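Colleague: Turn this into a model:
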Amino acid sequence: MNPLKKLASQTAVYGLSQIVGRFVNYLLVPLHTALFDTADFGINTLMYSYVTFFNVMLTYGMETAFFRFSQKHDKPAQVYSTALTSLISSSLFFGLLFGVFSQQIASVINVAEHPEYVVYFTAIIALDAISAVPFAYLRQQNKALKFAIVKNINIFTNILLNLYFLLLCPYFQNESGMLLPLYNGTINIGYIFLANLIASIVTIPLLWKEILAIRNASFNKTLWREMLIYGLPLMVVGFAGMINETLDRIIISYVYTDVQEGLRATGIYGANYKLSILMSLFIQAFRYAAEPFFFNHAKDNDKRHIYATVMNYFTLVCLALFLMVTLYIDVFKHFINNRYWEGLHVVPVLLIANMFLGMYYNFSIWYKLSDNTNKGAIISTTGAVITILANIILVPLLGYTGSAWATLICYTSMAIICYAVGVKHYPIPYQIGRLLAYIGFALALFLLSKYLLIPDGFIKYAVHAILLLTFVGVTIFSERKNTIA
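Modeller: You can find the predicted model right below:
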């Protein structure tokens, strides 16, 4: 099968599961932004920002280490057993430690009145870490269907429980005075977290067959050390990546002297970040399919040409999504409550920023294939430093808008640095001139739409459709001969 078509089909399978499930999950955003004020939604945004850091810390690069060592080790079952045993042990220790100190942790992160939030998220993080390698195993075995089914059961369980706690329980209380199970009679943001916890618990039995597979091989201490050496730099990469991706929301919440105002700004920024859903979902689906794809083709003679061609198509899809959202922002804005619309101006900046993040993921394959993960850690750490400095400088000047620009500066810098270093260590013939031309073309169409000053209505949507189709048509024609045999 044509390698590019295989990657596209796997991206479609992973993407369908992620897009359908996640999109339905994202449909909760209108409900959340309608029920909760900007400060409460800020707490939601803030808590999930902290979670991303601990998700990376608790998996410490074992997913990618599993892919890498399964490829080159003569006993792949032992690689799997070693990775999963390690994650189970560390997750249990983490859960116990944070459970004991939940009150102190809650005070540090400005939710002192709700230590139960820390308990909920401690359990969520531990369970998700345990399931990480079984999910990686499904990907490595090309069992995309089961991967999609389990992921979507998790997602839809979370969705149904949100509806249960936030709509059904209040309805029964108002109509009959009845309190349904697990509901105390007051709608609060904690029910979003409780729904997530129950969904994470439900996932474990669905992966029980994969978890029990550790009985097929023993834990190998020597192998474990080698996997840690390979994986820990990737943890630094991931941790730095989370600084780049979510630290802005944490910084926003602390920069404002008034706690409630800081949470309000965090909520507005977090809600508008949700409008980049299509870009985020595509990048996530692509990553699920691309990582095993890149490793599986590492021995092909034309692998570098394959990687370069993949980058072209990836960038074009991202730019098409950018134009779709920005040209029809008047439609997409109804995804969030009108209390949050004051932040719509950050959406184009965040979309382009996420595109450069995706390009960085493509460029980063060189250090994974050449076992130079330490260099990847340096690049990501550099990006984290850029993120911190840019936010510290820009947020006091521009508020949450400064965080959007800091995100763009960071991801663009990381993509450039990763490409420049990769050229020296693992050269891949990326068509940089063509990529820059595509980006420039998309931005020109976007700016043209702003200066046309067409009144709202059918004519505006029609003109914007022409602009979008122009981009798609021109780029398809340009790429018609750039294929993989």
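Colleague: going forward, measure contacts between C-alpha atoms and count neighbours the same way
Modeller: OK.
Colleague: if you count residues, which helix in this protein comes out on top?
Modeller: helix 221-255 (DSSP state H).
Colleague: mean confidence for that one?
Modeller: Taken as a whole, helix 221-255 has a mean pLDDT of 80.
Colleague: which residues of this protein score low on pLDDT?
Modeller: Across the chain, the ranges flagged by pLDDT under 70 are 1-25, 73-74, 257, 291-292, 296-303, 371, 481-485.
Colleague: at 50 instead, please
Modeller: Residue ranges of the chain with pLDDT under 50: 485.
Colleague: one step back: the longest helix of the chain: which residues count as buried?
Modeller: 223-224, 227-228, 230-255 (16 or more other C-alpha atoms under 10 Å).
Colleague: who does that helix touch, helix- and strand-wise?
Modeller: The helices and strands touching helix 221-255, judged by 3 or more C-alpha pairs under 8 Å, 6 or more residues apart in numbering; DSSP states H and E, are helix 38-59, helix 62-72, helix 76-100, helix 259-273, helix 373-398, helix 400-425.
Colleague: So the residue of the chain most remote from its centre versus T186, what's the distance?
Modeller: Farthest-out residue of the chain from its mean C-alpha position, per C-alpha atoms, centre = their mean: S176, at 41.4 Å. Noted for S176: a distance of 15 Å to T186, by C-alpha to C-alpha, to the nearest Å.
Colleague: swap in L447?
Modeller: Distance of L447 to T186, computed by C-alpha to C-alpha: 47 Å.
Colleague: got the contact list for W224?
Modeller: T82, A83, S86 (C-alpha atoms under 8 Å, 6 or more residues apart in numbering).
Colleague: try 10 Å this time
Modeller: M62, A65, Q78, V79, S81, T82, A83, T85, S86, Y230, G231 (C-alpha atoms under 10 Å, 6 or more residues apart in numbering).
Colleague: that older thread, winner for burial among the helices and strands packed on helix 221-255?
Modeller: Among the helices and strands packed on helix 221-255, ranked by average contacts under mean count of other C-alpha atoms under 10 Å, first place goes to helix 259-273 (a mean of 23).
Colleague: Would you check the distance separating stretch 117-135 from the middle of the chain?
Modeller: Centroid displacement of stretch 117-135 relative to its chain, using C-alpha atoms, centre = their mean, to the nearest Å, is 16 Å.
Colleague: got the buried residues for that stretch?
Modeller: Judged by neighbour count (16+ other C-alpha under 10 Å), stretch 117-135 contains these buried residues: 117-135.
Colleague: Could you do stretch 459-479 as well?
Modeller: Quick answer for stretch 459-479 (16+ other C-alpha under 10 Å): K460, Y461, H464, A465, L467, L468, F471, V472, T475.
Colleague: for stretch 331-339, same thing?
Modeller: Buried residues in stretch 331-339 (16+ other C-alpha under 10 Å): K333, F335, I336, N337.
Colleague: hmm, who's touching it?
Modeller: Identification of contacts with stretch 331-339 by C-alpha under 10 Å, 6+ apart yields 26-35, 37-38, 268, 271-272, 274-276, 324-326, 329, 340-341, 344, 347, 461.
Colleague: Narrow the residues you listed to those in helices?
Modeller: 26, 28-35, 38, 268, 271-272, 324-326, 329, 347, 461.
Colleague: Would you convert the contacts of W224 into TSV that also reports distance to R434?
Modeller: Output for the contacts of W224, formatted as TSV (distance: C-alpha to C-alpha, whole Å):
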residue	distance to R434
M62	36
A65	33
Q78	44
V79	41
S81	44
T82	44
A83	41
T85	46
S86	44
Y230	34
G231	34
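Colleague: how much space is there between the residue farthest from the centre of the chain and P170?
Modeller: 10 Å.
Colleague: now swap in V150 and tell me
Modeller: Look at V150 and P170: by C-alpha to C-alpha, they are 29 Å apart.
Colleague: for S280, same thing?
Modeller: To P170, S280 is 33 Å away according to C-alpha to C-alpha.
Colleague: Same check on N44?
Modeller: Relative to P170, N44 is positioned 20 Å away (C-alpha to C-alpha).
Colleague: Equivalent analysis for R480, please.
Modeller: Distance check for R480 against P170: by C-alpha to C-alpha, it reads 56 Å.
Colleague: Between these two, which is the more surrounded one?
Modeller: P170 (21 against 8; other C-alpha atoms under 10 Å).
Colleague: Just to check, the more buried one is in contact with N188?
Modeller: No: shown here, P170 and N188 do not form a contact pair, counting by C-alpha atoms under 10 Å, at 11.2 Å.
Colleague: pretty sure E116 is touching S107, no?
Modeller: No: shown here, E116 and S107 do not form a contact pair, counting by C-alpha under 10 Å, at 11.7 Å.
Colleague: Name the residue in these two with the higher neighbour count.
Modeller: Neighbours were counted for E116 and for S107 using other C-alpha under 10 Å; E116 has more, 18 against 13.
Colleague: What is the neighbour count of the residue lying closest to that one once chain neighbours are set aside?
Modeller: Closest residue to E116 apart from its sequence neighbours, by C-alpha to C-alpha, 6 or more residues apart in numbering: S102 at 7.5 Å. Number of residues near S102 (other C-alpha under 10 Å) recorded here: 19.
Colleague: try L447
Modeller: L447 - counted by other C-alpha under 10 Å - has 12 other residues nearby.
Colleague: Distance-wise, check it relative to L319.
Modeller: 14 Å.
Colleague: And for G402?
Modeller: 23 Å.
Colleague: For V237, which non-adjacent residue is spatially closest?
Modeller: A377 (4.5 Å).
Colleague: If I follow the layout properly, the one you found ends up in contact with G61?
Modeller: No: if you go by C-alpha under 10 Å, A377 and G61 don't touch, sitting 11.3 Å apart.
Colleague: So for these two, which residues contact both of them?
Modeller: With C-alpha under 10 Å, 6+ apart, A377 and G61 have common neighbours L232, P233, L234, M235, V236, V237, G238.
Colleague: Look up the closest residue to the last one, ignoring the ones flanking it.
Modeller: With sequence-adjacent residues excluded and distances taken as C-alpha to C-alpha, 6+ apart, G238 is closest to V56, at 5.9 Å.
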